[in-house]
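In: next one to model:
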Amino acid sequence: MKKIPYGRQNITDEDIKSVIEVLKSDYLTQGPNVAEFEKAFADYIGVKYAVAVSNGTAALHICAMAMDVKPGDKVITTPITFVASANCVRYCGGEVVFADINPETYLLDINSVKKILESSPLGTYKGIIPVDFAGRAVDLEEFRKLADEYNLWIIEDACHAPGGYFTDSNNKKQKCGNGNFAELAIFSFHPVKHIACGEGGMVTTNDEELYKELNRLRSHGITKFDDAYTNSIEFANGGYKDEANYPLWYMEMEKLGYNYRLTDIQAALGISQLKRANQGLIRRREISTRYKSAFNNSPFIIGQSGVINGHAYHLYVIEVKDRLNLYKYLRDNNILAQIHYIPAHLMPYYREFGWKEGDMPNAENYYRHCISLPMYPTLTDEEQQYVIETINKFYV
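Out: Residues are numbered from 1 along each chain as shown. Below is the predicted model of the structure:
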């Protein structure tokens with residue numbers, strides 16, 4: 001059997017054609033494809049505004065900046081995530097406070113967050129960054145109630161979950177990143193994600209002022225006439241858009257921003273990939289159903305992702321006995337399973353702030369047993385059966 005990775009991109013002839021068309025066009029960057037991708041993605045998610053950026057980490061960074069995270073500000077997030085979810089707070093000088101996960105969902109535990117908030121005076125914390133880990137949607141309706149009680153903002157890290165959703169108290173499906181409960185949400189277009197741009201990210205929001213701010217921050221902090229997000233620009237030097245006094249070349253750097261723009265080459269690939277997003281979700285859910293059936297009631301399985309409504313299945317995670325040796329055995333048999341994630345609070349950098357083993361017992365116990373199995377739309381039934389049989393053989 002050839003090597004089977006835990007995740008991989010699927011590049012079609014149509015994808016390649018879309019990129020070639022841009023390479024032959026007048027614009028490789030700062031052209032029309034970026035705006036087209038933003039609109040298509042916003043429509044897919046069901047949100048008013050989308051801002052394309054160079055990667056998911058850049059998306060998190062400008063979100064933290066837009067929410068005005070300052071040195072000393074405390075923000076709560078989960079330890080079971082890629083470290084960028086926490087690092088964005090540190091980029092702004094803020095303090096990261098980890099809360100434990102729910103061992104059943106692997107998501108940030110709202111009760112753990114409540115205990116943290118209740119133990120400090122009102123105003124101690126500024127925001128929450130919940131993560132739709134593995135593709136399972138956080139119940140943001142409940143987090144919104146909690147955030148409103150403590151005057152907190154929410155940035156939803158939805159990198160794993162484009163197309164995922166949770167069902168609210170009115171039995172309505174709430175798509176990840178739709179802006180109904182979180183001020184901002186972010187997505188990633190890394191090759192192993194649902195939509196691949198090589199690298200790339202997106203911020204979504206329903207707040208027009210945040211949208212304008214995000215556009216400035218991703219492009220050096222500059223405001224200029226051809227910004228697509230508004231027809232009326234107020235410059236810091238005074239006056240509104242007036243070609244008599246402000247010619248079309250006029251622009252202002254109003255604050256310190258970054259060059260976090262997405263190229264038209266990447267946007268073209270994203271537009272093409274987005275057309276197959278629903279098809280990819282259907283296949284991911286088929287794969288998850290087969291895994292669930294194969295490992296249901298297995299004595300060596302401690303826990304697994306299961307089949308959950310609204311789950312986008314970026315990952316399919318099982319918790320097992322003797323995880324280290326299973327990991328080695330799978331790799332010896334060309335199955336490149338992966339571990340998601342080493343708890344962020346145990347990284348050497350965050351240990352410098354006093355975090356230690358024992359602080360997040362649920363997250364740490366999950367990490368001792370978790371392993372992510374191959375999960376991507378082009379995984380064949382034959383390959384998946386080989387994965388299942390190989391795991392079963394290890395435990396015989």
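In: buried ones in stretch 25-32?
Out: Gly31 (16 or more other CB atoms under 10 Å). All C-beta atoms are positioned from the backbone trio N, CA, C, and that covers glycine.
In: in what helix or strand does Cys159 lie?
Out: Using DSSP states H and E, Cys159 falls within no helix or strand.
In: how about the contacts made by the nearest residue to it once chain neighbours are set aside?
Out: In space, and not counting its chain neighbours, Cys159 is closest to Ser188: 3.9 Å by CB to CB, 6 or more residues apart in numbering. By CB atoms under 8 Å, 6 or more residues apart in numbering, the contact set of Ser188 is Asn55, Gly56, Ala59, Cys159, Gly200, Gly201.
In: change it to 10 Å
Out: If you count contacts by CB atoms under 10 Å, 6 or more residues apart in numbering, Ser188 has them with 53, 55-60, 82, 84, 157-160, 162, 194-197, 199-202, 314.
In: and the residues you listed, which of them are in helices?
Out: Among those, DSSP state H puts Gly56, Thr57, Ala58, Ala59, Leu60, Ala84 in helices.
In: poorly predicted segments of the stretch 1-150 of the chain, please.
Out: Within the stretch 1-150 of the chain, no stretch has pLDDT under 70.
In: switch to 90 and redo it
Out: Within the stretch 1-150 of the chain, the stretches with pLDDT under 90 are 1.
In: what are the ranges of the strands in it?
Out: Assigned by DSSP state E, counting those that start in this stretch, the strands in the stretch 1-150 of the chain fall at 4-5, 49-53, 74-77, 95-98, 125-129.
In: ok, and what's touching the shortest one?
Out: Surrounding strand 4-5, the residues in contact under the criterion CB under 10 Å, 6+ apart are 192, 330, 333-338, 373-376, 379-380, 383-384, 386-387, 390.
In: what about 7 Å?
Out: Strand 4-5 has contacts (CB atoms under 7 Å, 6 or more residues apart in numbering) with Asn334, Ile335, Leu336, Pro374, Glu383, Val387.
In: returning to that earlier point: show me which of the ones in helices among the contacts of Ser188 is closest to Tyr258.
Out: Taking CB to CB as the measure, Ala58 is the one of those closest to Tyr258, at 7.1 Å.
In: what residue lies at the spatial centre of this structure?
Out: Nearest to the geometric centre of the chain sits Cys159, at 1.7 Å (CA atoms, centre = their mean).
In: sounds good, over and out.
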